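Colleague: sequence and predicted structure are below.
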Amino acid sequence: MQTCDTLLRGMVICMDPQRRVFLDGYVGISAGRIVAVGKAADCELTAQEELGGDGHLVLPGLVNVHSHLVQGCIRGMAEGTTYEERLFGFYYPMTGACDEERSYAAAMPPLLDMVRRGVTTTADDHFTHLHKRSIDGVLAAVRDSGMRCRMARLTINDPNAVPEGFREDLDTGLQETERIKAEWETELTSVTASTIGITYCEPDQLKQLWQWTDDNDRQFDIHAPAVLDQKYLAERRGWEGGSFEWLDSVGILGPNLIAAHAQNLSPGEAELIRDRGAAIALVPDMEQVLGLVDFDARQYLDTGVTCGLGLDGPVVAYGHDLWTAMRGFLTAQRLGDQHRRLSADKQARWTGDEMLYGSGELALELATIGGAKALMMDDRIGSLEAGKDADVVLIDRRGETHLSPPAALIPNLVLGNGPSSDSVSRVMVRGQTIVADGEHVSVDRRAAVKQSDALQQALLDECDTHRFVRMRSRFKWIN
Ligand SMILES: [Zn+2]
């Protein structure tokens with residue numbers, strides 16, 4: 001008998017290339033790595049610590065491929081506002097007023113949302129550098145959460161799209177990226193450069209930001225098409241084609257590019273993305289909340305484009321919940337499919353033979369191994385396989401009424417919005433326990449809520465943005 005540090009027992013969903021699920025399985029962990037996975041009956045390990053057993057479920061840690069954590073301070077305030085109202089009205093002013101300490105307080109609640117429901121890796125795009133160390137506050141919160149993170153520091157400077165004060169020259173942007181890389185990179189955190197979207201940065205500078213990522217063997221993370229591309233791409237860049245065609249025309253569209261949203265493409269762009277080997281950060285829950293009925297992930301998935309699931313900033317990603325995103329992926333795709341079906345044939349009727357697209361299993365793949373591939377981390381995370389890092393979630397199903405009875409466990413898990421935090425017995429990153437019995441092991445969530453509440457109040461006063469609170473509310477709010 002060999003000894004390992006930790007042995008997890010239960011139903012093991014591996015997400016390995018064969019997509020094995022061991023109904024009664026085990027995962028052995030030593031020194032932060034998975035050392036063995038298999039059927040309980042074949043287990044030849046003893047352990048210092050043994051967890052799980054009957055009624056437990058073992059999953060790879062979930063991967064969120066898109067966020068802007070500093071927007072924790074304006075969580076949900078998008079509701080009742082137009083895009084331009086929120087972007088220039090409170091979004092830039094309030095996140096821009098976040099220094100290092102405030103950014104920490106803004107980022108912690110959404111981080112806890114994620115980690116307490118089994119997300120072990122997040123990508124983040126930070127672009128409000130009025131305070132140069134704002135991004136450091138987010139990175140400190142990520143460090144304290146224990147999560148894995150791919151942070152992109154976005155340089156923005158186009159005078160049409162970016163408010164004054166937020167514009168940075170390229171040298172400053174790259175110097176700061178180098179600083180953050182030197183100060184913050186660890187086994188769990190990596191840093192890269194980028195910009196928000198094509199129309200947020202001078203074209204030659206955008207190319208140089210990309211060049212930095214290529215030289216440093218990093219990802220280039222960009223919103224495409226970004227909302228303002230629709231407004232400015234033709235007008236300011238003289239480009240009538242699509243955003244991806246533009247990226248391709250300047251030599252940026254390639255395997256190190258990950259594009260967030262990637263909806264409303266020009267004809268042929270999905271094939272172009274596939275041919276160039278770029279990855280897509282699907283953001284289905286947000287698209288759905290914003291009413292985008294033509295959301296289409298199949299244009300990528302059916303042709304083998306690497307896709308992960310992302311949440312976007314808490315200003316529009318209510319609850320910061322990747323389980324909701326999994327459900328949103330299925331419902332948004334199915335609504336989109338029906339929209340396209342009815343657009344093609346108004347008389348279309350159900351015959352009863354239709355098969356709805358996708359499944360809970362597919363959604364769970366996107367939120368684990370898909371996300372790991374999209375972030376170019378699948379050599380280390382995304383599945384439970386010997387040799388990979390032990391980023392693992394253990395769920396105790398025994399008190400989960402919404403996951404009983406178990407015949408349709410994965411559909412219930414995904415379409416039922418996941419496990420309750422209470423049932424998340426363990427979340428481990430690289431073998432380190434960061435959540436035990438639904439609670440973070442070192443971060444006090446009540447203190448985090450208190451700090452985040454106080455921060456929002458201070459920012460609303462300071463930025464004079466109270467008018468956006470409960471904007472267009474139907475209710476009468478009495479003091
Ligand atoms: Zn975004």
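Modeller: Thanks, I have the structure now. Numbers count the residues shown, from 1 in each chain.
Colleague: walk me through the domains of this structure.
Modeller: Residue ranges for the domains of the chain, per automatic domain parsing: 2-61+383-440, 62-369.
Colleague: right, and these - which one's nearest Lys450?
Modeller: domain 62-369 (9.3 Å; CB to CB). To be clear about C-beta, it is placed using only N, CA and C from the backbone, and glycine gets the same treatment.
Colleague: ends of the closest one, how far apart?
Modeller: Start-to-end span of domain 62-369 (CA to CA, to the nearest Å) is 8 Å.
Colleague: closest to Thr465 out of the domains of the chain?
Modeller: Closest to Thr465 of these is domain 62-369 (CB to CB; 4.2 Å).
Colleague: quick one: average confidence on the closest one?
Modeller: For domain 62-369, mean pLDDT is 95.
Colleague: off-centre distance for it?
Modeller: 8 Å (CA atoms, centre = their mean, to the nearest Å).
Colleague: can you list the residue ranges for strands in the stretch 351-479 of the chain?
Modeller: Remark: strands assigned in the stretch 351-479 of the chain by DSSP state E, counting those that start in this stretch are 392-396, 424-429, 432-436, 439-440.
Colleague: likewise the stretch 101-250 of the chain?
Modeller: Under DSSP E, counting those that start in this stretch, the stretch 101-250 of the chain gives strands at 119-126, 148-154, 189-194, 220-224.
Colleague: output the contacting helices and strands for the first one.
Modeller: Here strand 119-126 touches strand 62-64, helix 134-145, strand 148-154, strand 424-429, going by 3 or more CB pairs under 8 Å, 6 or more residues apart in numbering; DSSP states H and E.
Colleague: run through who's touching the first one.
Modeller: Residues lying outside strand 62-64 but in contact with it, judged by CB atoms under 8 Å, 6 or more residues apart in numbering, are 114, 117-123, 308-311, 322, 325, 367-368, 370-372, 374-375, 377, 381-382, 393.
Colleague: paired strands for that strand, with orientation please.
Modeller: Strand 62-64 pairs in its sheet with strand 119-126 (parallel), by DSSP bridges.
Colleague: buried sites along stretch 149-169?
Modeller: Buried residues in stretch 149-169, counting neighbours by 16 or more other CB atoms under 10 Å, are found at 149-158, 161-162, 166-168.
Colleague: from these, which is closest to Pro267?
Modeller: Distance ranking of these against Pro267, using CB to CB, places Ala161 first at 25.7 Å.
Colleague: helix or strand: which one has Leu23?
Modeller: Assigned by DSSP states H and E, Leu23 falls within strand 21-30.
Colleague: pLDDT on that strand, on average?
Modeller: For strand 21-30, mean pLDDT is 98.
Colleague: list the buried residues for that strand?
Modeller: So, applying 16+ other CB under 10 Å, buried residues of strand 21-30: Val21, Phe22, Gly25, Tyr26, Val27, Gly28, Ile29, Ser30.
Colleague: before we move on, the earlier item: save the strands of the stretch 101-250 of the chain as a markdown table, and put in distance to Asp453 too.
Modeller: As requested, those are arranged in a markdown table below (distance: least, CB to CB, whole Å):
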| stretch | distance to Asp453 |
| --- | --- |
| strand 119-126 | 22 |
| strand 148-154 | 25 |
| strand 189-194 | 27 |
| strand 220-224 | 29 |
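Colleague: select, out of those, the one closest to His402.
Modeller: When these are compared by CB to CB, strand 119-126 sits nearest His402, at 19.4 Å.
Colleague: so that closest one versus strand 148-154, what angle?
Modeller: Per axes from the mean of the first three to the mean of the last three CA atoms, to 10 degrees, the angle that strand 119-126 makes with strand 148-154 is 10 degrees.
Colleague: tell me the angle strand 119-126 makes with strand 220-224.
Modeller: 70 degrees.
Colleague: after the strand holding Leu23 comes which helix or strand?
Modeller: Per DSSP H and E, the first helix or strand lying C-terminal to strand 21-30 is strand 33-39.
Colleague: show me what that following strand is packed against.
Modeller: When contacts are defined as 3+ CB pairs under 8 Å, 6+ apart, strand 33-39 packs onto strand 2-13, strand 21-30.
Colleague: avg pLDDT for the longest one?
Modeller: Per-residue pLDDT over strand 2-13 has a mean of 97.
Colleague: return the most buried member of the domains of the chain.
Modeller: Of all those, domain 62-369 carries the top mean neighbour count, a mean of 20, counting by mean count of other CB atoms under 10 Å.
Colleague: before we move on, back to that, nearest to Leu342, of the helices and strands packed on strand 33-39?
Modeller: Nearest to Leu342 among those is strand 2-13 (35.7 Å), distances taken as CB to CB.
Colleague: give the partner strands of that closest one in its sheet and their orientations.
Modeller: When pairing is defined by DSSP bridges, strand 2-13 lines up against strand 21-30 (antiparallel), strand 45-60 (parallel).
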